[in-house]
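Engineer: Would you be able to build a 3D model of this:
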Amino acid sequence: MKFLKILIVVLCFANVANAQMGSSNKRIADVYFLNKEYYAAAEYYKRVLQISPDSAGFVIPYGFEQRMKETSPRKDDYEYAVYQLASSLRLYKNFRDAEKWYAVSNKFTNPKYAQSEFWYGECLRANLKYDEAIKSFESFIDKYKVNDDFIAKAKLEIASSKYALYEMRYPRMFKIARLSNNINQAGSNYAPAVSNSELYFTSSRPVGSEGKNQILEGSKGQLRVFKKETPYVNTIYSVAIENPTAEKVNIQKINMDFKKMESAAATVHPNGEMMFLTAWATDKEYQKRNIYISRKEGNGWGAPVSLGGEININGFNSMQPSVTRDGKYLIFSSDRPGGLGGYDLWFATLRSDGSVGSPVNMGEKINTKEDEQAAYYLPATQKLVFSSNGRVGLGGFDFYESVGDFAEWAEPINMGYPFNSAKDDIYFAALDDAGKEAYISSDRESVCCLEVFQVVREYISVQGTILDCATKKPLAGATITAVGTNVPEQVMKTDVNGRYNFQVGSNRDLQINVMKDKYFAKNISYNYAQLFKADTLLSSELCLEPMVINKPIVLKNILYEFNSAELTDSSKKTLDTLFQVMIDNPNIEIELSAHTDNIGSEPYNLDLSDKRAKSCVAYLMSKGITPDRLTSKGYGFSKPVALNQTEGGKKDNPAGRALNRRTEFKVTKQKQIE
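Structural biologist: As a prediction, this is how the structure comes out:
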């Protein structure tokens, strides 16, 4: 991500003031656009289109589109200026006004504006118009014929817009508030970093008045314009962390004797003696980002020194250093060779003297073909928080979280809404080892610029007591496992009183599994509607049924048609209950058996009972239970539980025969819980 600035531009080019849709306005606008001075470029493209250059939140002038349709030598100039104006506004992050002008350029038939509808969709997405954005991207895919990566990007945008609609319908458990004090002043304010009692952040707020004129040149030096040297310079500041949310705070500029250099994105070693930062020269020729180290000198910081060739490679950018909270690694973002594309995340071992080992790419689990930036690692939870614009998300840069140890990483999980927004969300700095409270930067509430926000993770307390269903006594040592949508698994044991108490940071679908050796496990499920307003989930008397290996348990209401092994609908409902037992208890294997009365021959009844047992097993397998967990057995009338006939076999006993015609299951094996 490029560091953002507010630019105040003063033009000193002769004859500009009186120009009316003239070629001079167009050439001047092009020079500013070429030099990435998008605010100034937009003002001059407005002049080409005869729009007041100081208009804010402007609307398309009355009759403008009609003029566009007229056959005129200037039609090409109009189309070019409209598209360039839309692009300038977009690149300046003014998506609201860029949307209006891309809506006009979408109607152009000239192939060189074929990407207009893609950018229109991006603006709609940034303006929270996700349904309209999806339609725009779909239309773009249908029409676009160029063989490049824009079709793939449009498909990613469609997936992201659908994901955003879902996320905004089901907000996650984060409390986010913009700092309303003087930390967020004019310019960009971003890259928070926490060290001991200090909160460091970067700001491009003015550091003086405009300086000397600077020359901006067009391609091949065909045109030169002037602008005043901007007072908006990226610089690192600090504020006491005790009360950074106060109405007004005392902000200190970090002076490092950095002449003609801008600095940003600081990170401080846990020992408090070393600061790593990004810096770059203000001269156009030397604008590549490099990482520097500054050492503590008294109450201040010494002159920064480049980390050298291990980290900084000539002709490439290395930026956004981040020291892990245990001081073992330096993570940074770079477009150096060897990456997957765009900016990748890299890490290097960090020695106690501030020197580093050879950088290692963090791999394809973390990096994409687009940009990954601004990483932060929490050793206590093994969680890596970083930003990416190359994955499905809400839009722009989103925060993602991955669990790992630098040798292996889990698939990153989007941190969802409201942690992420439709714009850029980047830079995370935790206030505690678990990352429950942190600062981030985002431009979600700004037209153009990043600002600092405070984030607090909220939690639901899960508590209760586990009992033995038979004795009603508490069960110590039962294993409680909580899993949810995009939430890492949590595991704990009940105490000597059978109690459990822990927190989950998700209000999505949540399932709590309770297991103990020699007991049937049980699952409790909660949906979003149940969790949305809850702060505590209380199951005061959750009990487990004792399990005895090889003890038969009768399945009631398992019925078959006469002389048939085909299951009735009511029998399937009973087997559905057994299916749930198998799902709740993935560590058990069972034998499913069928029994008959003694009406008929022994071979006949053995065959019939065998077929009926197999029918039950087949039904469970059809629902997904694997065959290695199931055994079928037909016992015929060899194991009666009641008399089929009384009085020495002389009198029929219908009640006894009904008890003998049964289906049972028994647990043959229970694997140990790890």
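Engineer: just the strands in the stretch 101-250 of the chain please.
Structural biologist: In the stretch 101-250 of the chain, the strands defined using DSSP state E, counting those that start in this stretch lie at 174-178, 189-195, 198-203, 213-217, 224-228, 235-240.
Engineer: Kindly apply the preceding question to the stretch 401-550 of the chain instead.
Structural biologist: Using DSSP E, counting those that start in this stretch, the strands of the stretch 401-550 of the chain run over residues 413-414, 425-430, 437-442, 451-457, 460-468, 479-484, 487-493, 499-504, 510-515, 522-526, 536-544.
Engineer: most tightly surrounded among those strands?
Structural biologist: strand 425-430 (a mean of 26; mean count of other CB atoms under 10 Å). For the C-beta atoms, the positions are set from N, CA and C on the backbone; glycine is no exception.
Engineer: Give me the residues contacting it.
Structural biologist: Contacts of strand 425-430 with the rest of the structure, by CB atoms under 8 Å, 6 or more residues apart in numbering, involve 1, 190-194, 199, 265, 320, 325, 373-374, 376, 378, 385-387, 396-399, 419, 435-442, 444, 450.
Engineer: averaged over its residues, what pLDDT does that strand have?
Structural biologist: Average pLDDT, strand 425-430: 96.
Engineer: So what's the residue count around residue 342?
Structural biologist: Neighbourhood size, residue 342 [other CB atoms under 10 Å]: 17.
Engineer: Tell me how many other residues crowd residue 370.
Structural biologist: Other residues near residue 370 come to 18 when the count uses other CB under 10 Å.
Engineer: still on that earlier bit, wait, which of the strands of the stretch 401-550 of the chain is closest to residue 35?
Structural biologist: Nearest to residue 35 among the strands of the stretch 401-550 of the chain is strand 425-430; the distance by CB to CB comes to 24.3 Å.
Engineer: Tally up the residues packed near the closest residue to residue 343 other than its chain neighbours, please.
Structural biologist: Among residues not flanking residue 343 along the chain, residue 371 sits closest, at 4.2 Å (CB to CB, 6 or more residues apart in numbering). For residue 371, the count of nearby residues is 20 (other CB under 10 Å).
Engineer: Okay, now the unreliable bits of this structure?
Structural biologist: Within the chain, the stretches with pLDDT under 70 are 1-22, 52-73, 208-231, 283-286, 486-488, 530, 532-541, 561-562, 673-674.
Engineer: roughly how far apart are residue 548 and residue 519?
Structural biologist: Using CB to CB, to the nearest Å, residue 548 is found at 10 Å from residue 519.
Engineer: same check, this time on residue 658
Structural biologist: Separation of residue 658 from residue 519 (CB to CB): 31 Å.
Engineer: between the two, which one's more packed in?
Structural biologist: Just comparing residue 658 and residue 519: by other CB under 10 Å the higher neighbour count belongs to residue 519, 21 against 11.
Engineer: dump the residue contacts of that one.
Structural biologist: Taking CB under 8 Å, 6+ apart as the test, what residue 519 contacts is 468, 475, 478, 544-547.
Engineer: Repeat that for residue 653.
Structural biologist: Residues counted as contacts of residue 653 (CB under 8 Å, 6+ apart) are 642-646.
Engineer: re earlier: out of the strands of the stretch 101-250 of the chain, nearest to residue 354?
Structural biologist: Between residue 354 and the strands of the stretch 101-250 of the chain, the shortest separation by CB to CB is 15.0 Å, and it involves strand 189-195.
Engineer: Render the CA-only coordinates of that closest one in PDB, please.
Structural biologist: Listed next in PDB are the C-alpha coordinates belonging to strand 189-195 (Å, rounded to 0.1, in the frame of the first residue of the first chain):
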ATOM      1  CA  ASN A 189      -2.800   8.600  10.600                       C
ATOM      2  CA  TYR A 190      -1.800   5.000  10.600                       C
ATOM      3  CA  ALA A 191       0.500   2.200  11.600                       C
ATOM      4  CA  PRO A 192      -0.100   2.100  15.400                       C
ATOM      5  CA  ALA A 193       2.600   0.300  17.400                       C
ATOM      6  CA  VAL A 194       2.700  -0.300  21.100                       C
ATOM      7  CA  SER A 195       5.800  -0.300  23.300                       C
END
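Engineer: Start at 35, not 1
Structural biologist: Will do, 35 is the new start, and the previous item becomes strand 223-229.
Engineer: What strands line up against that strand, and which way round?
Structural biologist: Sheet pairing of strand 223-229 (DSSP bridges) gives strand 232-237 (antiparallel).
Engineer: So which residues of the chain form helices?
Structural biologist: 57-68, 72-82, 98-103, 109-125, 129-139, 150-160, 164-177, 184-203, 562-565, 603-618, 636-656, 688-694 (DSSP state H).
Engineer: TSV for those, including distance to residue 218?
Structural biologist: Converted to TSV, the helices of the chain look like this (distance: least, CB to CB, whole Å):
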stretch	distance to residue 218
helix 57-68	27
helix 72-82	19
helix 98-103	36
helix 109-125	22
helix 129-139	20
helix 150-160	20
helix 164-177	27
helix 184-203	24
helix 562-565	33
helix 603-618	51
helix 636-656	60
helix 688-694	77
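Engineer: between these, which gets nearest to residue 382?
Structural biologist: Residue 382 lies closest, by CB to CB, to one member of the helices of the chain: helix 184-203, at 30.4 Å.
Engineer: Pretty sure the residue nearest to residue 377 sits against residue 422.
Structural biologist: Yes. The criterion here is CB atoms under 8 Å, and residue 405 meets it with residue 422 at 6.8 Å.
Engineer: Overlap in contacts, these two.
Structural biologist: Common neighbours of residue 405 and residue 422 (CB under 8 Å, 6+ apart) are residue 431.
Engineer: re the thing from before, quick check: which of the strands of the stretch 135-284 of the chain is nearest to residue 330?
Structural biologist: With CB to CB as the criterion, residue 330 lies closest to strand 223-229 of the strands of the stretch 135-284 of the chain, at 10.6 Å.
Engineer: Outside of that closest one itself, which residues are in contact with it?
Structural biologist: Identification of contacts with strand 223-229 by CB under 8 Å, 6+ apart yields 38, 217, 233-239, 275, 298-302, 306, 354, 408, 460-461, 463-465, 473-475, 483-486.
Engineer: Quick one, which of the residues you listed are buried?
Structural biologist: 38, 217, 233-239, 275, 298-302, 354, 408, 460-461, 463-465, 473-475, 483-486 (16 or more other CB atoms under 10 Å).
Engineer: In contact with the residue most central in space within the chain: list those residues for me.
Structural biologist: For the chain, the residue nearest the mean C-alpha position is residue 448 (1.3 Å; CA atoms, centre = their mean). The contact partners of residue 448, by CB under 8 Å, 6+ apart, come to 197, 425-428, 432-434, 454, 520.
Engineer: Go through the residues you listed and say which is closest to residue 288.
Structural biologist: residue 433 (25.9 Å).
Engineer: Name the nearest residue to the closest one, sequence neighbours excluded.
Structural biologist: Leaving aside its chain neighbours, residue 433 sits nearest to residue 449 (4.5 Å; criterion: CB to CB, 6+ apart).
Engineer: tell me, how many neighbours does residue 189 end up with?
Structural biologist: Residues lying near residue 189 (other CB under 10 Å) number 13.
Engineer: Please report how far it lies from residue 546.
Structural biologist: Residue 189 is 37 Å from residue 546, where distance means CB to CB.
Engineer: end-to-end on stretch 480-493?
Structural biologist: End-to-end distance of stretch 480-493 (CA to CA, to the nearest Å): 29 Å.
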